[in-house]
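**Student:** turn this into a structure:
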Amino acid sequence: MDNVTEYKVLRKALELIETHTKEELQNKFQLIEHGEVHDIIIDDVCQSYDVTLEKMQSKTRLRRIVDARQVCMYLLRKFTNMSYRDIGLLFGRDHSTAIHACKSVESNAYYGDYKYKVEKIEKRLNALYDTVQRNNKRQYSI
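**Tutor:** This next block holds a predicted model:
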């Protein structure tokens, strides 16, 4: 196999792994519409970092706002089926910025406060899913 073929095979394998993981996470939000999930994630990140969506969409490079924007992009990619392009456009950026944001969050995930903040947001999103799922079971178990 030449390098190009190996790369294509490896890329396809990674896509399958990513798709499987996204499907598992997406199943957690099957009762909530796609748009609502994306609004919930943005609102939660804005509250956690004490910033507004307008600030995250601005061109500012203040660390607090950049962190919030990157975490938001990471969570949108993780919990929705949004493409890097769509995530970038949501924040007035291009797909490469969204890719960089996701990689940055993953690499910073080993640092105490940063890791804690991201995990806290993810736990709230998972708790939301659990609440919606319990309410849904109650509705249909009459």
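**Student:** and Ile65, what does it touch?
**Tutor:** Listed by CB atoms under 8 Å, 6 or more residues apart in numbering, the contact set of Ile65 reads 49, 51, 55-56, 58. To be clear about C-beta, it is placed using only N, CA and C from the backbone, and glycine gets the same treatment.
**Student:** which helix or strand contains it?
**Tutor:** helix 63-79 (DSSP states H and E).
**Student:** following that helix, which helix or strand shows up next?
**Tutor:** Next along from helix 63-79, by DSSP H and E: helix 84-90.
**Student:** now that next one: mean pLDDT?
**Tutor:** Mean per-residue pLDDT for helix 84-90: 95.
**Student:** pull the residues that contact that helix.
**Tutor:** 38, 57, 73, 76-77, 82, 94-99, 102.
**Student:** now that helix: buried residues?
**Tutor:** The neighbour-count check on helix 84-90 (16 or more other CB atoms under 10 Å) flags 84, 87-88, 90 as buried.
**Student:** could you dump the residues you listed to a markdown table with distance to Asp130?
**Tutor:** Shown next, in a markdown table, are the buried residues of helix 84-90 (distance: CB to CB, whole Å):
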| residue | distance to Asp130 |
| --- | --- |
| Tyr84 | 29 |
| Ile87 | 25 |
| Gly88 | 31 |
| Leu90 | 26 |
